[in-house]
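Novice: Can you look at this prediction? I've put the sequence above it.
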Amino acid sequence: MRVWLWWTSRTAWVCACLSLWLSAPVFAQKLRAFQEPGPFGKPNVLVILANDLGYGDLGSYGQTRIQTPHLDQLAAGGMRFTQAYAGNALNAPSRAALITGTHSGHNRIRGNADLPLAPEDYTLAEFLKANGYNTCALGKWALGLHQTSGEPFRQGFDEWFGFLSLREAFQPYPALIWRQDQQWMVPGNQNGAKGDYACDWFERAATNYFRINSQYPFFVFLALPLPQANLELATRTGNGYDVPSVAPYARENWPAPAKNRAAMITLLDRYVGALMNRLRELKIERQTLVLFTSDNGPDSEGGVDPAFFKSAGPWRGGKRDLTEGGLRVPLIAHWPGRIQPGIVSDQLVAHWDVFPTVTEAVTTNRTVGLDGISFLPTLLGKPQTNQHDYLYWELHENGVRQALRFGDWKVLRSGAGSPVELYGLKTDLRETNNLAATQPQLVKQAEKWLYQARVDAPQWPLLTNSPPVRLP
């Protein structure tokens, strides 16, 4: 299959043909037998994952200074979740939770180390490929480097175009982008030039993939590295947000990094608008389940304090924090004719619920061995009888930390042997009033779950000091 990507240079229109081919299916032994289509046939699935976008960064979630009309329209035409949680508070482990349907007590990647998914890991892409879907991953991967078992085309994706590593994704004007197992030279960015913005390529690749596959069921995982900061640029200049234009914020009396970050979010919004327009043009919008979310809370490393835009909403913390500000993220679901418009849901969901939700939407059978539960009943306006006893997170970054969410309670613990902190989210949104001393039975239950929710992993011991982490 060939994907045609069109882009604009400063002087002319150019066209490139990228042959994104799939090598021998080394993972075939772990694919399951073809299953019967679900009650909705085989809807297309589009998962859009933003990078470091906070709960409060969208207009539909209370943002008043950053313009996000297309995402606000997406929310108005579908369902917006107010209690949706990221897979983790950091890039790689959050993505691992989403793509494998397992939380960070069970999945292989629990921090930002260069640890790949293994051949025995089972991904949403592999499930859908086994059920007759064409599959495509675009953008930022971070779940396996070159010549490892974690490369996207070894984890169920027919087509792959993007950044394999966390560090590669820092460069918005890269000279090279991976396509399958080869690096493709970006024509506008050679010899230090900055002519082609990487995310423009990813958006065009996605819309062209829709066109080519409009007659076949497809799954597209589009992980746009926006509004991620370039940490190296931030260290040098104090402004880590590299964007082609600061429009429409050039005249705002804001610090330069704030203008750039806002422009990146509005650019992300424009891409979503282009994706939805293409689905409508191809007359496949009604047969496409779209999920939009973010990998974790807002960062504070690019030169903007998250408080400037109230990016974390009412919550405390951000990226790298297991408080609500680092974990609670936007989640918008859109599926015309299936999801009623204008719905706001307080259903408790996490990224590892995406896998079973999609499987229930596309097949009559279920995948076992996942931590997630399907929230498809919620999407369809039906009673959600299956609920989580608790949500669990484990993050290995500057030590090891754990967190739980059950009912209206939130639990935090910093390392093995550390005391449990207990917060009542119903009245303590910012997790400042530790009630552990007054709720011994809840603390006892939380300690039991903190023990039961995880399995030991050699790379991720539950010790005070976590394994070395090479990337920030």
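Specialist: Ah, there it is.
Novice: Can you show me the helices along the stretch 101-250 of the chain?
Specialist: In the stretch 101-250 of the chain, helices defined by DSSP state H, counting those that start in this stretch lie at 124-130, 198-212, 231-237, listed in chain order.
Novice: Same list (the ones you listed) but as TSV, adding distance to residue 418, mean neighbour count and mean pLDDT.
Specialist: Quick note: C-beta positions are derived from backbone N, CA and C, even for glycine. Below are the helices of the stretch 101-250 of the chain laid out as TSV (distance: least, C-beta to C-beta, whole Å; neighbours: other C-beta atoms under 10 Å; pLDDT from 0 to 100):
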stretch	distance to residue 418	mean neighbour count	mean pLDDT
helix 124-130	34	23	97
helix 198-212	40	21	98
helix 231-237	29	15	95
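Novice: Make TSV from these and add distance to residue 169 to it.
Specialist: As requested, these are arranged in TSV below (distance: least, C-beta to C-beta, whole Å):
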stretch	distance to residue 169
helix 124-130	19
helix 198-212	8
helix 231-237	11
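Novice: Poorly predicted segments of the stretch 1-150 of the chain, please.
Specialist: 1-36 (pLDDT under 70).
Novice: let's see 90
Specialist: Applying pLDDT under 90 to the stretch 1-150 of the chain flags the ranges 1-41, 113-114.
Novice: residue boundaries of the strands in it?
Specialist: Ranges of strands in the stretch 1-150 of the chain, per DSSP state E, counting those that start in this stretch, are 2-8, 13-19, 44-50, 79-81, 84-85, 134-140.
Novice: The third one: partners in the sheet, and parallel or antiparallel?
Specialist: According to DSSP bridges, strand 44-50 has the following sheet partners: strand 218-223 (parallel), strand 288-294 (parallel).
Novice: Now the first one: average pLDDT?
Specialist: The average of the pLDDT scores along strand 218-223 is 98.
Novice: can you list the domain ranges for the protein.
Specialist: Residue ranges for the domains of the chain, per automatic domain parsing: 37-389, 392-452.
Novice: Show the end-to-end separation of the last one, please.
Specialist: What that stands for is domain 392-452. End-to-end distance for domain 392-452, by C-alpha to C-alpha, to the nearest Å: 10 Å.
Novice: for the first one, same thing?
Specialist: By C-alpha to C-alpha, the extent of domain 37-389 from end to end equals 30 Å.
Novice: contacting residues for residue 90?
Specialist: With contacts defined as C-beta atoms under 8 Å, 6 or more residues apart in numbering, the neighbours of residue 90 are 111-112, 296, 319-320, 395, 397.
Novice: where's it relative to residue 277, distance?
Specialist: 33 Å (C-beta to C-beta, to the nearest Å).
Novice: What count of nearby residues applies to residue 282?
Specialist: As a burial measure, residue 282 scores 15 neighbours (other C-beta atoms under 10 Å).
Novice: For it, which residues are in contact?
Specialist: With contact set as C-beta under 8 Å, 6+ apart, residue 282 has these partners: 210-211, 214.
Novice: and if you look at residue 247?
Specialist: Neighbour list for residue 247: residue 263 [criterion: C-beta under 8 Å, 6+ apart].
Novice: mind checking how far it is from residue 262?
Specialist: Taken as C-beta to C-beta, the span from residue 247 to residue 262 is 10 Å.
Novice: thinking again about what came up before, tell me which of the helices of the stretch 101-250 of the chain sits nearest to residue 224.
Specialist: Taking C-beta to C-beta as the measure, the helices of the stretch 101-250 of the chain were each checked against residue 224, and helix 198-212 came out nearest at 5.5 Å.
Novice: Kindly calculate the angle that that closest one makes with strand 288-294.
Specialist: 160 degrees (axes from the mean of the first three to the mean of the last three C-alpha atoms, to 10 degrees).
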